[in-house]
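Undergrad: Take a look and give me a structure for this.
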Amino acid sequence: MQFKKLIAVGLAALMSTTAIGHALAQPINENPLSDPRVRKAIAYAIDMDTIIETIFEGQAVRAVGMLPDGPNKPTDLIRYDYDPDKARALLAEAGWDSSRELDMVYYYTDQATADLMAALQAYLADVGITMNYRLVEGDVASQISVVPDDPVNGPSKVTWDMLYGARAALALQEYFNRYAYGLKPMIPNIPRMNELVAKVNGTTDPEVQREGYFEMEHIINENVYQIPLYYQQLYTYESDRLHRNDAPYGNEQYNYNWGVENWTIDPDASGKAVLYTNAGPAQFFEVPWQNLGIWVANKFAFDTVLEADGALTPIGGEMADSYEISEDGLTFSFTLKDGLTWHDGEPITAADVVWSIGAAAKFPVTHPVVKTTLNKIEGADAFIKGEAETLAGVSAEGNTVTIKFSTIDPNVLLTFSQFAPLPAKYFEGVDPVTLQQAPFWQKPIGSGPFKIDEVVMNDYTTLVPFESYHKGAPKIEQIIARPSSDNDGNLLVNAQARKADFGYTKAAGDVPGLEALDYMHVHPIDIPYTRMLWINQFPHPTN
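TA: So this is what the prediction gives:
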């Protein structure tokens with residue numbers, strides 16, 4: 001693609017004369033990206049309308065604000081429409097050093113992302129910003145999510161200047177929770193955001209939450225703390241061999257009542273009912289508390305405490321036989337079903353669940369919604385800091401686990417519909433902070449409908465039915481998963497070879513190719529999902 005030509009044909013809308021509100025107009029430290037004028041210049045330099053029409057073939061929605069359009073989003077946000085002249089003027093006003101090179105990182109491996117990186121590089125170069133980009137691989141979280149020891153002054157513990165990534169929301173607070181003090185790896189403390197994060201997480205009143213969302217959207221928008229680029233749909237695909245047997249569709253990035261144990265698939269040439277999919281591990285299986293439902297192990301091999309429907313509304317128990325929330329909302333208890341076992345045949349105990357809750361509270365990259373819930377448990381702060389050996393608010397008696405909260409959490413049922421306990425005995429002596437490095441993650445023992453059978457890292461993983469699964473043994477005889485993320489660069493190749501029976505993609509470029517296959521069915525699903533640029537505003541460490 002000729003990206004200089006792409007720039008030339010882009011729209012050149014003028015900046016609105018609307019006041020910038022409470023935005024600052026100067027850097028807050030020696031990092032020039034801490035200057036909002038520079039961040040605004042980057043926003044004005046990018047022609048997202050043309051990018052969407054070309055790179056994404058029109059299958060994305062231009063983002064204005066963090067949240068997709070809806071009742072929780074204000075309608076008067078500033079639109080940073082493509083205006084390279086305005087970008088150059090802001091850079092000149094900020095004294096931008098044109099010899100500086102920005103380091104952009106990304107973690108998606110699809111062609112559309114590669115094309116986007118080249119386009120962004122060209123757009124920024126056109127206004128006088130040199131940007132180089134690189135793919136981060138391996139333990140991505142440790143490269144993008146580590147927060148500074150000093151969340152006000154830094155220095156940063158991540159080495160990049162900008163990160164292209166996404167926010168796929170389980171609950172709407174997830175768009176904002178990491179703005180709380182000490183949780184953002186790239187943005188210094190914003191006192192008012194701390195107050196607003198506490199506001200939306202401390203109530204179950206949707207109107208009070210909406211007020212908080214509106215104000216947070218305005219603060220981020222006016223100061224360009226992040227640059228939302230576009231909103232995506234999710235596309236579930238399945239071959240004509242697969243029969244879901246009336247099981248529901250839902251947001252595949254998370255856990256819901258998808259009834260996979262009742263799915264069937266037409267036998268292959270050998271007479272075996274084998275399902276091919278992606279999202280297998282390349283180097284290790286990921287702790288299921290981080291990205292929740294997106295990987296093979298999370299979806300097939302681990303069960304959650306509660307269950308949600310396709311819209312992620314909690315609907316009942318999964319591993320839990322029953323559950324209860326006190327009238328004041330500060331006590332949550334659930335009782336595990338009798339006879340639950342891990343894939344190794346050992347019983348699943350309330351002690352396993354108690355240990356898992358404590359470990360997830362300390363694990364540094366636990367999903368933000370889950371983390372927020374766990375942080376509100378009585379004694380969480382002392383436990384996480386190492387000042388207490390146990391998490392005071394969590395206890396077990398028989399099969400019943402009781403959790404006491406110091407403040408109300410509006411998403412406790414949602415959290416536990418996504419929370420998969422782990423078998424504690426495999427983690428004796430393991431610091432939860434370094435949980436991902438445990439040998440367990442080369443071939444984990446789970447609790448879900450399928451158990452992990454053969455693992456050849458960076459090649460394939462097989463899963464087979466767990467005959468003792470509490471909802472009944474699955475009907476599919478084997479699952480073969482190739483390593484990839486949800487943006488699988490080999491998806492079309494595998495689909496054309498009849499080696500992709502089920503999965504999902506958010507890569508718009510995959511959709512026309514999948515739809516062209518007469519044996520493939522594609523189901524679009526609307527989800528809260530925003531692709532954006534994070535900008536590192538902390539000083540960088542000096543060597």
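Undergrad: contacts and neighbour counts: CA atoms only from here.
TA: Will do.
Undergrad: how about the helices of the stretch 151-300 of the chain, start to end?
TA: Ranges of helices within the stretch 151-300 of the chain are 191-201, 206-223, 296, based on DSSP state H, counting those that start in this stretch.
Undergrad: who are the neighbours in contact with the closest residue to residue 49 other than its chain neighbours?
TA: Of all residues not flanking residue 49 in the chain, residue 62 sits nearest, at 6.6 Å (C-alpha to C-alpha, 6 or more residues apart in numbering). By C-alpha atoms under 8 Å, 6 or more residues apart in numbering, residue 62 lies in contact with 48, 49, 52, 229, 230, 231.
Undergrad: contacting residues for the third one?
TA: Right, the one you point to is residue 52. Shown in contact with residue 52 (C-alpha under 8 Å, 6+ apart): 58, 59, 60, 61, 62.
Undergrad: Now render the residues you listed as a markdown table, adding distance to residue 185 and pLDDT.
TA: Below are the contacts of residue 52 laid out as a markdown table (distance: C-alpha to C-alpha, whole Å; pLDDT from 0 to 100):
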| residue | distance to residue 185 | pLDDT |
| --- | --- | --- |
| 58 | 32 | 84 |
| 59 | 31 | 80 |
| 60 | 28 | 85 |
| 61 | 27 | 88 |
| 62 | 26 | 94 |
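Undergrad: from those residues, which is closest to residue 501?
TA: Distance to residue 501, by C-alpha to C-alpha, is smallest for residue 59 among these, at 22.9 Å.
Undergrad: What secondary structure category should be reported for the closest one?
TA: Assigned by DSSP: H, G, I helix; E, B strand; the rest coil, the conformation of residue 59 is coil.
Undergrad: From residue 49, how far out is the closest residue to it other than its chain neighbours?
TA: Once flanking residues are discounted, residue 59 sits nearest to residue 508: 5.7 Å by C-alpha to C-alpha, 6+ apart. Per C-alpha to C-alpha, to the nearest Å, residue 508 is found 15 Å from residue 49.
Undergrad: Spatially central residue for this structure, please.
TA: residue 168 (4.9 Å; C-alpha atoms, centre = their mean).
Undergrad: so what's that residue up against?
TA: So residue 168 contacts 253, 527, 528, 529, 530 (C-alpha under 8 Å, 6+ apart).
Undergrad: Looking at it now. What's its pLDDT?
TA: For residue 168, the model assigns a pLDDT of 80.
Undergrad: Okay, it and residue 497: tell me how far apart.
TA: From residue 168 over to residue 497 the distance is 30 Å, taken as C-alpha to C-alpha.
Undergrad: And for residue 201?
TA: Counting by C-alpha to C-alpha - residue 201 and residue 497 are separated by 47 Å.
Undergrad: Looking at those two, which one has more neighbours?
TA: residue 201 (23 against 9; other C-alpha atoms under 10 Å).
Undergrad: Test my guess that the more buried one contacts residue 410.
TA: Yes: between residue 201 and residue 410 there is a contact under C-alpha atoms under 8 Å: 6.3 Å.
Undergrad: According to the record, where do the domains of this protein fall?
TA: 3-233+529-535, 241-518 (automatic domain parsing).
Undergrad: and the ones you listed, which one is worst for confidence?
TA: Note on the domains of the chain: lowest mean pLDDT is at domain 3-233+529-535, with a mean of 87.
Undergrad: follow-up on the earlier one: so the residue nearest to residue 49 bridges to which residues?
TA: residue 230 (DSSP bridges).
Undergrad: related to what we said a few turns ago, make CSV out of the domains of the chain and add distance to residue 541.
TA: CSV is the format used below for the domains of the chain (distance: least, C-alpha to C-alpha, whole Å):
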stretch, distance to residue 541
domain 3-233+529-535, 5
domain 241-518, 21
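Undergrad: Residue 542 is nearest to which of these?
TA: For these, the distance to residue 542 is smallest for domain 3-233+529-535, at 8.5 Å, taking C-alpha to C-alpha.
Undergrad: now that closest one: how far from the chain's centre is it?
TA: 16 Å (C-alpha atoms, centre = their mean, to the nearest Å).
Undergrad: just stretch 402-418 next, same as before
TA: Its chain's C-alpha centre and that of stretch 402-418 lie 19 Å apart, by C-alpha atoms, centre = their mean.
Undergrad: With stretch 523-531 instead?
TA: Remark: stretch 523-531 is offset 12 Å from the chain centroid, using C-alpha atoms, centre = their mean.
Undergrad: C-alpha coordinates for it, CSV please?
TA: Extracted in CSV, the C-alpha atoms of stretch 523-531 (Å, rounded to 0.1, in the frame of the first residue of the first chain):
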residue,chain,number,x,y,z
HIS,A,523,-21.5,-14.8,12.9
PRO,A,524,-20.8,-11.1,13.8
ILE,A,525,-21.2,-10.1,17.5
ASP,A,526,-21.3,-6.5,18.8
ILE,A,527,-18.9,-6.2,21.8
PRO,A,528,-17.3,-3.3,23.8
TYR,A,529,-13.9,-3.4,22.2
THR,A,530,-11.7,-0.4,21.5
ARG,A,531,-8.3,-0.4,19.8
